[in-house]
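Engineer: Sharing a sequence plus its predicted fold:
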Amino acid sequence: QGVLVTGLGTFAMVQERFHGKEEVHVVRRPIFQLDIDEFFVKDLAFPTVVIPGDAKIKLLNYSWLSRATSFPRHVVENCVQETILLYSFQLRNKQRLAFTFKDIGVLSCKDDVLCMRFYLECVTGLESKASQIALLHT
């Protein structure tokens, strides 16, 4: 239920229980656990997110990306790693650019806080029954 992007972090989906006035809601919502080398983010704050130990985390599927983009796997893998390294250096050099993930959200830094903001469609796509509750807690 998650994907590890080596050098950047892990995207995952968690289920949480929220108590309403009369009922308990179980909602699924996306989370992001940052895993950038401390050297690049030592002056930044970021939310501490814990992915449950029973979550199934897979490595980013470079073979699938290769087929989807028609680029050789090694080119795709190098491109992803170089992009992560470039973004990390930009953070270290206080260049606060947004890192956009198509259909997922934006990793951005504002006021020295690095935070993943998920798109509305990403959250509601995971959870349609209690989407308002999931949105409030994401």
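Structural biologist: Done, it's in.

Engineer: where does the residue nearest to the spatial centre of the chain fall, phi/psi-wise?
Structural biologist: Nearest to the mean C-alpha position of the chain, by C-alpha atoms, centre = their mean, lies Phe32 at 3.6 Å. With angles defined as degrees, to the nearest 10, Phe32 sits at phi -130, psi 130.

Engineer: What is the burial count for the residue nearest to it when sequence neighbours are not counted?
Structural biologist: Spatially, and ignoring its direct neighbours in sequence, Phe32 is nearest to Met116 (3.8 Å; C-beta to C-beta, 6 or more residues apart in numbering). (Each C-beta comes from the backbone N, C-alpha and C, glycine too.) Neighbour count of Met116, defined by other C-beta atoms under 10 Å: 22.

Engineer: Just list the residues touching Met116, thanks.
Structural biologist: By C-beta atoms under 8 Å, 6 or more residues apart in numbering, the contact list for Met116 reads Phe32, Leu34, Gly105, Val106, Leu107.

Engineer: go again using 10 Å as the cut-off
Structural biologist: 9, 11, 30-34, 46-47, 49, 99, 101, 104-108, 138 (C-beta atoms under 10 Å, 6 or more residues apart in numbering).

Engineer: Can you tell me the SS state at it?
Structural biologist: strand (DSSP: H, G, I helix; E, B strand; the rest coil).

Engineer: Whichever of the contacts of Met116 end up buried, select them in ChimeraX.
Structural biologist: Buried subset of the contacts of Met116, written as a ChimeraX selection, criterion 16 or more other C-beta atoms under 10 Å:
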select :9,11,30,31,32,33,34,46,99,101,104,105,107,138
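
Engineer: in what helix or strand does the residue of the chain positioned farthest from its centre lie?
Structural biologist: Most distant from the centre of the chain: Glu22, at 32.3 Å, with distances by C-alpha atoms, centre = their mean. Under the criterion DSSP states H and E, no helix or strand holds Glu22.
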